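Peer 1: mind looking at a prediction? Sequence and model below.
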Amino acid sequence: MPLTTSDAATAAVWCDRCGDAVTAGSHGACAAARVLEPPRFCAYCRRRMKVQVLPAGWAAVCVEHGETRG
């Protein structure tokens with residue numbers, strides 16, 4: 001079941017690039033890398049996501065929270 005916007009604002013506790021807690025240190029390098037790369041971890045449950053890079057962007061799928069596109 002995909003998250004709604006209000007759920008996403010309160011539930012994102014994991015870095016979607018490295019998988020560590022958002023509150024655990026600085027994630028400046030992760031933010032810089034995310035400009036060019038798709039997410040690798042679900043920001044809501046920390047599961048590794050299936051990522052597909054497409055010509056027009058990317059699609060990342062969490063088995064629990066559904067698909068995210070960018």
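Peer 2: Yep, it's here.
Peer 1: contacts and neighbour counts: CA atoms only from here.
Peer 2: Fine.
Peer 1: for the protein, which spans come out with low pLDDT?
Peer 2: Applying pLDDT under 70 to the chain flags the ranges 1-11.
Peer 1: the same query, at a cut-off of 50, please.
Peer 2: 1, 4-8 (pLDDT under 50).
Peer 1: let me know the helix or strand that the spatially most central residue of it is in.
Peer 2: Nearest to the mean C-alpha position of the chain, counting by Cα atoms, centre = their mean, stands Asp16 at 3.5 Å. Assigned by DSSP states H and E, Asp16 belongs to no helix or strand.
Peer 1: pretty sure it is touching Cys42, no?
Peer 2: Yes: applying Cα atoms under 8 Å as the test, Asp16 and Cys42 come out as touching, 5.6 Å apart.
Peer 1: name the element the residue nearest to Val51 when sequence neighbours are not counted belongs to?
Peer 2: Sequence neighbours aside, Ala60 is the residue nearest to Val51 in space, at 4.3 Å (criterion: Cα to Cα, 6 or more residues apart in numbering). Secondary structure from DSSP H and E places Ala60 in strand 57-62.
Peer 1: run me through the strand neighbours of the next helix or strand after that strand, direction for each.
Peer 2: With elements assigned by DSSP H and E, the helix or strand that comes after strand 57-62 is strand 66-69. Partners of strand 66-69 in the sheet, by DSSP bridges, are strand 57-62 (antiparallel).
Peer 1: and the residue located most distally from the centre of the chain, how far from Ala21?
Peer 2: Distance to the chain centre peaks in the chain at Pro55, reaching 19.5 Å (criterion: Cα atoms, centre = their mean). Distance, Pro55 to Ala21, by Cα to Cα, to the nearest Å: 31 Å.
Peer 1: and what of Ala56?
Peer 2: Separation of Ala56 from Ala21 (Cα to Cα): 30 Å.
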